[in-house]
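Chemist: sequence first, then the predicted structure, then my questions.
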Amino acid sequence: MKISQWDGTEDQLDAIARLYADAFAEPPYDEDPARSLIEFPQRIRRYAAGKPEFRLRTATEDGDLVGFVLGTGIGPGDWWWDRLNATLAAPHRARWLEQQQFGVAELVVKPSHRRSGLGRALMNDVLDGLPYNSALLACYPDAVAPQRLYTSLGWTVIDPCLRVSASHPTQIMGIRLRPRTSRRITLPARSSVEG
């Protein structure tokens with residue numbers, strides 16, 4: 001198993017989009033796979049071109065993509081940060097919204113590799129050495145397995161059911177980071193990490 005930064009190729013982006021489309025077609029997300037295959041690569045290209053600390057880490061085994069995690073720096077002027085600023089209760093804004101922090105946008109693990117420690121390794125890798133004090137993510141309230149993972153990694157529920165857009169309500173979670181420090185990354189056996 002190897003974790004590394006997206007290589008920037010369209011071939012790898014296509015594989016990432018297929019894994020995303022398959023995962024998010026499942027309940028409770030129920031996204032349209034055909035639409036995901038078009039829109040998700042567009043979002044990745046936008047993030048890569050314009051967001052600070054763009055990180056798209058991929059996990060491969062024997063050359064096959066088995067998972068990925070996507071995150072970027074966020075702050076005022078960023079759509080998601082601005083929506084959180086407008087909708088979070090004042091005490092949560094004061095505690096969690098800083099001028100800049102990291103936002104984890106997606107974490108996807110192929111079904112055959114779930115419950116193997118790969119999700120944990122991907123999350124640890126994407127958060128490693130960031131120059132921010134905190135990170136935020138959104139998770140569907142009925143996505144129980146991801147919530148268990150995030151909680152086991154130290155993420156705190158900020159708001160259990162917040163509407164940041166017209167779509168499905170989300171659970172907002174946060175974690176405090178130690179900027180520019182290395183986190184220990186544990187991968188399933190016979191693993192290596194490249195950054």
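Modeler: That came through, no problem.
Chemist: mean confidence (pLDDT) on the longest strand along the chain, please.
Modeler: Determined from DSSP state E, the single longest strand within the chain is strand 64-74. Mean pLDDT, strand 64-74: 98.
Chemist: repeat that for stretch 159-170.
Modeler: For stretch 159-170, the mean per-residue pLDDT is 84.
Chemist: which residues sit against that stretch?
Modeler: Contacts to stretch 159-170, defined as Cβ atoms under 8 Å, 6 or more residues apart in numbering, come from residues 28, 80, 83-84, 87-89, 92, 138-141, 171-172. C-betas here are computed from N, CA, C, even on glycine.
Chemist: buried ones among those?
Modeler: Using 16 or more other Cβ atoms under 10 Å as the burial test, the contacts of stretch 159-170 include Leu84, Leu88, His92, Ala138, Cys139, Tyr140, Gln171, Ile172 as buried.
Chemist: show me the two of those that sit farthest apart.
Modeler: His92 and Tyr140 (18.8 Å; Cβ to Cβ).
Chemist: grab the nearest non-local neighbour of Leu137.
Modeler: With sequence-adjacent residues excluded and distances taken as Cβ to Cβ, 6 or more residues apart in numbering, Leu137 is closest to Val104, at 4.1 Å.
Chemist: tilt between the host helix or strand of the one you found and strand 64-74?
Modeler: Element membership for Val104, per DSSP states H and E: strand 101-109. Orientation of strand 101-109 against strand 64-74 (axes from the mean of the first three to the mean of the last three Cα atoms, to 10 degrees) gives an angle of 160 degrees.
Chemist: which strands and helices sit next to strand 101-109?
Modeler: If you count contacts as 3 or more Cβ pairs under 8 Å, 6 or more residues apart in numbering; DSSP states H and E, strand 101-109 packs onto helix 10-25, strand 64-74, helix 118-127, strand 134-139.
Chemist: just for the protein, where's the confidence low?
Modeler: 179-195 (pLDDT under 70).
Chemist: what about 90?
Modeler: Low-confidence segments of the chain (pLDDT under 90): 98, 162-169, 178-195.
Chemist: re the thing from before, wait, which of the buried ones among the contacts of stretch 159-170 is closest to Arg120?
Modeler: Taking Cβ to Cβ as the measure, Arg120 lies nearest Cys139 of these, at 15.2 Å.
Chemist: residues in a beta bridge with that closest one, which ones?
Modeler: With DSSP bridges applied, Cys139 shows beta-bridge pairing to Gln171.
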